[in-house]
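Asker: Give me coordinates for this.
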Amino acid sequence: MPDTERTDGEKREEPSGATLSVEEWIELMNKHDPLEQYAKKRKEKRREERDCDYM
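Answerer: Below you'll find the predicted structure:
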């Protein structure tokens, strides 16, 4: 996607016009979803704590 500069000086990517599959769209939305990211971090933290308990 080409970068363009907006009038306020902020750069943003212009859409390329390509469509996404449903799976790609869901993955993209989850990447930017704060609750999904929070849940993922909690799962990782629990897994680390559980692994440390076994050592």
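
Asker: going forward, measure contacts and count neighbours with C-alpha atoms only.
Answerer: Will do.

Asker: All the helices of the protein, in order from the start?
Answerer: Using DSSP state H, the helices found in the chain span residues 22-31, 34-54.

Asker: so where's this structure shaky on pLDDT?
Answerer: 1-9, 54-55 (pLDDT under 70).

Asker: go again using 50 as the cut-off
Answerer: Scanning the chain for pLDDT under 50 picks out 1.

Asker: Just put the helices of the chain in a markdown table and tack on mean neighbour count and distance to Pro15.
Answerer: What follows is those, written out as a markdown table (neighbours: other Cα atoms under 10 Å; distance: least, Cα to Cα, whole Å):
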| stretch | mean neighbour count | distance to Pro15 |
| --- | --- | --- |
| helix 22-31 | 11 | 14 |
| helix 34-54 | 11 | 23 |
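
Asker: Please look at Lys31 and Lys40 and confirm they touch.
Answerer: No. Contact status for Lys31 versus Lys40: not in contact, 10.4 Å apart, counting by Cα atoms under 8 Å.

Asker: Common neighbours of the two, please.
Answerer: Common neighbours of Lys31 and Lys40, using Cα atoms under 8 Å, 6 or more residues apart in numbering, do not exist here.

Asker: Let's have the helices of the chain in JSON lines, adding distance to Glu14.
Answerer: Formatted as JSON lines, the helices of the chain follow (distance: least, Cα to Cα, whole Å):
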{"stretch": "helix 22-31", "distance to Glu14": "16"}
{"stretch": "helix 34-54", "distance to Glu14": "23"}
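
Asker: Which among these is found nearest to Ser16?
Answerer: With Cα to Cα as the criterion, Ser16 lies closest to helix 22-31 of the helices of the chain, at 14.6 Å.

Asker: Could you export the closest one as PDB, CA atoms only?
Answerer: Provided in PDB are the C-alpha atoms of helix 22-31 (Å, rounded to 0.1, in the frame of the first residue of the first chain):
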ATOM      1  CA  VAL A  22     -12.900 -13.600   5.800                       C
ATOM      2  CA  GLU A  23     -10.000 -15.200   7.700                       C
ATOM      3  CA  GLU A  24      -7.600 -12.400   6.800                       C
ATOM      4  CA  TRP A  25     -10.200  -9.800   7.800                       C
ATOM      5  CA  ILE A  26     -10.800 -11.400  11.200                       C
ATOM      6  CA  GLU A  27      -7.100 -11.800  11.800                       C
ATOM      7  CA  LEU A  28      -6.500  -8.100  11.000                       C
ATOM      8  CA  MET A  29      -9.400  -6.900  13.200                       C
ATOM      9  CA  ASN A  30      -8.200  -9.100  16.100                       C
ATOM     10  CA  LYS A  31      -4.700  -7.600  15.800                       C
END
